[in-house]
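A.B. asks: Fold the following.
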Amino acid sequence: MAKFKIFVDGREGTTGLEIEGRLQKRDDIEILQIDPEKRKDASERKKYIDRADIVFLCLPDAAAKESVSLADNPKTRIIDASTAHRVADGWVYGLPELSGAHRQKLQNAQRVSNPGCFATGFNLLMYPLVKNGIVPASCHVSCHSVTGYSGGGRRLIEMFEAEENKQKFNSPCFYALTLRHKHLPEMQKHSGLASPPLFTPIIGKYYRGMTVAIPLFLDELETETSAAKINEFYRGYYLGQNFVKVMPYGIQDEFEGGYLDAEGCNHTNNLEIMTFGGDGSILLAARLDNLGKGASGAAVQNMNIMLGIDETAGL
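C.D. replies: Next up is the predicted model:
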């Protein structure tokens, strides 16, 4: 049986290393290895890009765009893990659970943009509600999220783990304080909202894992509903999905001390959806591994679908 040829452009980064770690265990994959000394040589990268069935781009935005421009082989298919193409024309958004149409487009795609970690949680929570008229597209939505520091890549990891910073960043830290986080364009476009959410991310002093939360007021929604009814709706909408798990309503009673920790899906490609209710208000929450379903796990899942093999392979 011929193996699929895979090239990871930017394998030295956090996402690239995680992708390779998943692929190395498989006997249906051949990983094309570029000489580390030539990894920034455009002509050398071009050779590997044009030899591959699938290329993963684990690069900064500008470098990702350069790699796309190098591809001449029409059979080479690209999955870009950067933010460069997540709202670009001609690129398929790689979140197959959003709908059957999203999954079908992904199966035949030549160019796929891998979603951002925050946007993955946000869009899986919001898209079905907007699509089905439960949340009006005109609604002004807020989103809060807590994440481990690995989501910031090597530079942020080194900063948090540096010896001189051992006594710093001990408390969770708000960031993106200009309210212009790089995931906002895809959060708006792929959720169906008319305007971007007010997004306030928080980084904690732990390595991986995140929770994305959206509070809603019931009197701002289009239909009369409740947290329990929305939970039931999600259960039907995501029925049969391998990686999106809708947790039972009232699950907060099972949490240690009543606390929802952000690490419960770590080292998996799962995303858990939860709904919590109060008088007149609802809290929607998605928990995932920012390096799993939020990055490399999702990229491998997208590759599997594009190659027509079991989407759970290697995951």
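A.B. asks: and the gap between residue 249 and residue 192?
C.D. replies: 24 Å (C-beta to C-beta, to the nearest Å). (C-beta placed from N, C-alpha, C; glycine too.)
A.B. asks: what sits against residue 278?
C.D. replies: residue 227 (C-beta atoms under 8 Å, 6 or more residues apart in numbering).
A.B. asks: If it is in a bridge, with which residues?
C.D. replies: When assigned by DSSP bridges, residue 278 has beta-bridge partners residue 281.
A.B. asks: cool, the one 10 residues further on as well?
C.D. replies: Going by DSSP bridges, residue 288 is paired in beta bridges with residue 210, residue 271.
A.B. asks: how many neighbours does it have?
C.D. replies: Residue 288 is flanked by 34 other residues according to other C-beta atoms under 10 Å.
A.B. asks: go on, residue 68?
C.D. replies: Neighbours of residue 68 (other C-beta under 10 Å): 18.
A.B. asks: Look up the closest residue to it, ignoring the ones flanking it.
C.D. replies: Among residues not flanking residue 68 along the chain, residue 78 sits closest, at 6.3 Å (C-beta to C-beta, 6 or more residues apart in numbering).
A.B. asks: Looking at residue 249 and residue 192 now, which is surrounded by more residues?
C.D. replies: For residue 249 versus residue 192, the count of surrounding residues by other C-beta under 10 Å is larger for residue 249: 19 against 16.
A.B. asks: Only C-alpha atoms, please: export stretch 249-267 in PDB.
C.D. replies: Output of stretch 249-267 as PDB, limited to C-alpha atoms (Å, rounded to 0.1, in the frame of the first residue of the first chain):
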ATOM      1  CA  TYR A 249     -27.200  19.400  31.600                       C
ATOM      2  CA  GLY A 250     -26.400  20.000  35.300                       C
ATOM      3  CA  ILE A 251     -22.900  18.600  35.000                       C
ATOM      4  CA  GLN A 252     -21.600  21.300  37.200                       C
ATOM      5  CA  ASP A 253     -22.800  19.200  40.200                       C
ATOM      6  CA  GLU A 254     -20.100  16.700  39.300                       C
ATOM      7  CA  PHE A 255     -17.200  19.300  39.200                       C
ATOM      8  CA  GLU A 256     -14.800  19.200  42.100                       C
ATOM      9  CA  GLY A 257     -15.900  22.100  44.300                       C
ATOM     10  CA  GLY A 258     -18.100  23.300  41.500                       C
ATOM     11  CA  TYR A 259     -15.100  24.500  39.500                       C
ATOM     12  CA  LEU A 260     -14.900  24.100  35.700                       C
ATOM     13  CA  ASP A 261     -11.200  23.500  35.100                       C
ATOM     14  CA  ALA A 262      -9.600  24.200  31.600                       C
ATOM     15  CA  GLU A 263      -7.500  21.000  31.400                       C
ATOM     16  CA  GLY A 264     -10.200  18.300  31.200                       C
ATOM     17  CA  CYS A 265      -9.700  17.600  27.500                       C
ATOM     18  CA  ASN A 266      -5.900  17.800  27.400                       C
ATOM     19  CA  HIS A 267      -4.000  15.400  25.100                       C
END
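A.B. asks: And it, what's buried?
C.D. replies: Neighbour counts using 16 or more other C-beta atoms under 10 Å place 249, 260, 262, 263, 264, 265, 266 of stretch 249-267 among the buried residues.
A.B. asks: so the third one, which of the three states?
C.D. replies: Under the three-state scheme (DSSP: H, G, I helix; E, B strand; the rest coil), residue 262 adopts coil.
A.B. asks: Contacts only, for it.
C.D. replies: Shown in contact with residue 262 (C-beta under 8 Å, 6+ apart): 146, 147, 148, 204, 206, 209, 210, 211, 287.
A.B. asks: Tell me the predicted confidence for it.
C.D. replies: Note on residue 262: pLDDT of 97.
A.B. asks: how close does it sit to residue 303?
C.D. replies: 26 Å.
A.B. asks: can I have the longest helix seen in the chain written out in CSV, keeping just the CAs?
C.D. replies: In the chain, with assignment by DSSP state H, the single longest helix is helix 117-131. Extracted C-alpha coordinates of helix 117-131, given in CSV (Å, rounded to 0.1, in the frame of the first residue of the first chain):
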residue,chain,number,x,y,z
CYS,A,117,-8.1,27.6,19.1
PHE,A,118,-10.4,30.3,20.6
ALA,A,119,-12.4,30.5,17.4
THR,A,120,-12.9,26.7,17.4
GLY,A,121,-14.7,26.8,20.7
PHE,A,122,-16.6,30.0,19.9
ASN,A,123,-17.9,28.9,16.5
LEU,A,124,-18.9,25.4,17.6
LEU,A,125,-21.0,27.2,20.3
MET,A,126,-22.4,30.0,18.3
TYR,A,127,-22.8,28.9,14.6
PRO,A,128,-25.6,26.4,15.3
LEU,A,129,-27.5,29.0,17.3
VAL,A,130,-27.3,31.7,14.7
LYS,A,131,-28.0,29.3,11.8
